[in-house]
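# Kindly generate the corresponding structure for this input.
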Amino acid sequence: MITDRVNQIARRVPNWLVYILGISPAGWFLYLGLTGGLGAEPIKSLEHELGEFALKLLIAGLCITPLRKHLGVNLIKFRRAIGVLAFTYVFSHLLVWLVLDVQIVSQIWADILKRPYITVGMVGFVLMIPLVVTSNNLSVRKLGVRWRKLHKLTYGIAFLGALHFVMVAKGIQIEPISYMLVVIGLLALRVPKKTLPLQR
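Presented below is the predicted three-dimensional model:
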């Protein structure tokens with residue numbers, strides 16, 4: 001079966017390879033920025049590329065459980081790496097905004113407080129911090145059941161990321177709305193289905 005073959009290949013892929021492949025686009029975006037490949041506003045474009053790739057990784061992480069549950073494809077071993085990579089891209093996205101775009105500390109706080117799309121993005125970033133801090137075997141052992149509950153924050157983070165993208169876009173744009181619909185669909189798959197009572 002194709003599923004068995006995919007699972008066999010997945011078991012042979014080391015996590016370090018996922019990290020290398022996952023971080024490679026960041027280097028490519030930086031290269032494009034330095035060589036004029038990101039257009040007339042390279043800083044804004046770099047922000048966008050990093051943020052959008054972070055959202056793609058969050059969506060990829062959300063796909064892992066449905067793939068295993070509905071198709072039998074087991075990629076669970078890569079979920080932690082994907083989560084750490086997503087945080088790395090969100091952090092890079094934030095750094096570009098802080099250091100290269102705004103640059104003025106007082107303006108940064110003003111933007112966070114006054115611009116809803118930035119507020120939403122910052123809330124999502126803050127929620128990611130405890131997840132990345134506990135993305136290790138020691139935390140899994142120490143926290144036990146609480147670790148699983150804590151990492152359910154991923155659902156809210158993905159939604160906030162998609163909402164941030166929709167709010168940043170000017171007017172109604174298909175791409176950010178598509179991301180939002182995908183996230184909502186993946187979250188809907190996790191809603192427990194109520195069992196209808198048997199009719200007598």
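# how far away is the residue nearest the centre of the chain from residue 142?
With distances taken as Cα atoms, centre = their mean, residue 58 lies nearest the centre of the chain, 2.5 Å away. Residue 58 sits 25 Å away from residue 142 when distances are taken as Cβ to Cβ, to the nearest Å. Quick note: C-beta positions are derived from backbone N, CA and C, even for glycine.
# got the buried residues for the one helix or strand in the chain whose mean pLDDT sits lowest?
Ranked by mean pLDDT, DSSP states H and E, the weakest helix or strand in the chain is helix 105-114, scoring a mean of 80. Going by neighbour count (16 or more other Cβ atoms under 10 Å), the buried part of helix 105-114 is 108, 111.
# Please apply the same query to stretch 143-161.
151, 154, 157, 158, 159, 160, 161.
# now the strands for this structure?
With DSSP state E as the definition, the chain shows no strands.
# If you average the pLDDT over the helix of greatest length in the chain, what comes out?
Counting residues, the longest helix found in the chain (DSSP state H) is helix 42-66. Model confidence over helix 42-66 averages 93 on the pLDDT scale.
# Give the buried residues for that helix.
Those buried within helix 42-66 under the rule 16+ other Cβ under 10 Å are 42, 45-64.
# Please apply the same query to stretch 161-174.
With burial defined by 16+ other Cβ under 10 Å, the residues of stretch 161-174 counted as buried are 161, 162, 163, 164, 165, 166, 168.
# Tell me which of these fall in helices.
In this view, those that belong to helices under DSSP H are 161, 162, 163, 164, 165, 166, 168.
# and the nearest residue to the first one once chain neighbours are set aside, what is it in contact with?
So that's residue 161. Leaving aside its sequence neighbours, residue 161 sits nearest to residue 55 (Cβ to Cβ, 6 or more residues apart in numbering; 4.8 Å). Each residue near residue 55 by Cβ atoms under 8 Å, 6 or more residues apart in numbering is listed here: 158, 161, 162, 165, 179.
# Throw those residues into JSON lines and include pLDDT, thanks.
Shown next, in JSON lines, are the contacts of residue 55 (pLDDT from 0 to 100):
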{"residue": "158", "pLDDT": "95"}
{"residue": "161", "pLDDT": "95"}
{"residue": "162", "pLDDT": "96"}
{"residue": "165", "pLDDT": "94"}
{"residue": "179", "pLDDT": "95"}
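# okay but residue 51 is in contact with residue 86, surely?
No. When contacts are counted by Cβ atoms under 8 Å, residue 51 is not listed as touching residue 86 (10.8 Å).
# measure residue 157 to residue 11 for me?
Distance, residue 157 to residue 11, by Cβ to Cβ: 28 Å.
# Same question for residue 71.
16 Å.
# now do residue 105
48 Å.
# Report how many residues lie close to residue 183.
Around residue 183 there are 22 other residues, counting by other Cβ atoms under 10 Å.
# can you check the one 4 residues further on too?
Residues lying near residue 187 (other Cβ under 10 Å) number 15.
# before we move on, the earlier item: just send the contacts of residue 55 back as a markdown table, with distance to residue 1 too.
As requested, the contacts of residue 55 are exported to a markdown table (distance: Cβ to Cβ, whole Å):
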| residue | distance to residue 1 |
| --- | --- |
| 158 | 30 |
| 161 | 34 |
| 162 | 33 |
| 165 | 37 |
| 179 | 31 |
